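> can you look at this prediction? I've put the sequence above it.
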Amino acid sequence: MFQPSEYLALKVLNESRCTLNTDLAKQLETYRAMKKGNIAPDMEFKVNLKTSVPKLKKLSELKSPYTLVVFGASWCETCKEEVPKIAKLYPKWKGKGVDVVYISLDETQEAFEQFVQTFPFSSYCDYGKWNSPLAVSYYVFGTPTMFLLDAKREILLRPNSTSQMDAWVDNFLR
């Protein structure tokens, strides 16, 4: 469904006779700004980083061939199902060159720390929820939202589930 959504978003955004509500325009912009082949913005981790990578300050410092960036929150019911599945699959993925960075949209330190305490991958939260600079720069308007990036931060895939990501790992990283 991503390709048809991307097509419709680009068609509407490029239409000069169309007026859009700013919220809808922001949501549609994700299909233009964060589409496959584009370079994702770098991320700077300033505070509240629970990391498996010592001294990680920026996303670009990760040396993995691939990075799955996952935006989610402890209050998101789908995230409560999907992110623990990612944690379970992480050793397999890491062994094939895929690192994971989880960006929480939680609003409190307690909620963030409780949710990520068992995750084996780097997790970050600035408690800004939807106004988090990272969520804004990645045009995140729903959770969970995932981006698979290569070492140059090119967007290779926008998985819509852990199962789709795992299938990509199995098919492309044999």
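Everything's here; your move.

> the lowest-mean-pLDDT helix or strand in the chain: what's the following helix or strand?
Lowest on mean pLDDT, DSSP states H and E among the helices and strands of the chain sits helix 2-14, with a mean of 65. Downstream of helix 2-14, the first helix or strand assigned by DSSP states H and E is helix 22-33.

> could you say what helices and strands that next one packs with?
helix 2-14 (3 or more C-beta pairs under 8 Å, 6 or more residues apart in numbering; DSSP states H and E). Where you see a C-beta, it was placed from the backbone N, CA and C, and this is true even at glycine.

> in CSV, could you pull the C-alpha coordinates for the longest helix anywhere in the chain?
With secondary structure taken from DSSP state H, the chain has its longest helix at helix 77-95. Coordinates of the C-alpha atoms in helix 77-95 are reproduced here as CSV (Å, rounded to 0.1, in the frame of the first residue of the first chain):
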residue,chain,number,x,y,z
GLU,A,77,-0.8,-1.0,21.4
THR,A,78,0.8,-2.1,18.1
CYS,A,79,4.3,-1.1,19.4
LYS,A,80,3.7,-3.3,22.5
GLU,A,81,3.4,-6.3,20.1
GLU,A,82,5.9,-5.3,17.4
VAL,A,83,8.9,-3.9,19.3
PRO,A,84,9.4,-7.0,21.5
LYS,A,85,9.3,-9.1,18.3
ILE,A,86,12.1,-6.9,17.0
ALA,A,87,14.0,-7.4,20.2
LYS,A,88,13.6,-11.2,19.8
LEU,A,89,14.9,-11.1,16.2
TYR,A,90,17.7,-8.6,16.9
PRO,A,91,20.5,-11.2,17.5
LYS,A,92,19.7,-12.8,14.1
TRP,A,93,19.5,-9.4,12.3
LYS,A,94,22.6,-8.1,14.1
GLY,A,95,24.5,-11.2,12.9
